[in-house]
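>>> Predicted model and sequence follow; I will ask about them next.
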Amino acid sequence: MFVAVSRYLFEYILGIRQTEHSAGFRQVVIEPKCRNLVPSARGHITTLRGEISVEYGAEYIEVSVPRDTEAVLRVSGKEYPIPPGETVRI
C-alpha cells in the first residue's frame, strides 16, 4: 500500500535510483527532481551494500554511498562522480 509513496520519496525527492542494468544498488544515480518544490530534505535507503544517504538544502547537497557502490550525482546539468565509500558535499 505504501510502495508508491516510498518510491516517490526515494526516487524523486531524494533522487536515489539504480541505473538500468544495475542489481542490488551496485550502480546508482543521485538526481533529486523536486528541489524547487521541496527546499530541503534528508533521508537514506539501506541496501545490501550499505546505506545510501542524501541531504540537501537551498545551498548544498550531501551524498554518502557505501563501499562497492558506483555513484554519480547529477545537479544543475552537471555530473559529479562519488567514489565508493565516500561522502561528497557540493
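Great, that's in hand.
>>> so how far is residue 41 from the nearest residue to residue 40 once chain neighbours are set aside?
Excluding the flanking residues, the one nearest residue 40 by Cβ to Cβ, 6 or more residues apart in numbering is residue 57, at 4.4 Å. In this view, the C-beta of every residue, glycine as well, is placed from N, C-alpha and C. Using Cβ to Cβ, to the nearest Å, one gets 9 Å for the distance from residue 57 to residue 41.
>>> More neighbours: which of these two?
residue 41 (17 against 12; other Cβ atoms under 10 Å).
>>> ok, for that one, nearest residue in space, not its chain neighbours?
Closest to residue 41 by Cβ to Cβ, 6+ apart is residue 13, at 5.3 Å.
>>> Could I get the contacting residues of that neighbour?
Under the criterion of Cβ atoms under 8 Å, 6 or more residues apart in numbering, the neighbours of residue 13 are 32-34, 38, 41, 43.
>>> Go through the residues you listed and name the one with the lowest pLDDT.
Across the contacts of residue 13, the smallest pLDDT goes to residue 34, namely 83.
>>> just checking, that residue touches residue 11?
No - if you go by Cβ atoms under 8 Å, residue 34 and residue 11 don't touch, sitting 10.1 Å apart.
>>> more neighbours, the two?
Ranked by neighbour count (other Cβ under 10 Å), residue 34 and residue 11 place residue 11 first, with 17 against 14.
>>> just checking, the more buried one touches residue 17?
Yes - between residue 11 and residue 17 there is a contact under Cβ under 8 Å: 5.0 Å.
>>> Show only the entries of the contacts of residue 13 found in helices.
Among the contacts of residue 13, DSSP state H puts none in helices.
>>> Pipe the residues you listed into TSV and attach distance to residue 25 per row.
Formatted as TSV, the contacts of residue 13 follow (distance: Cβ to Cβ, whole Å):
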residue	distance to residue 25
32	17
33	18
34	21
38	22
41	19
43	15
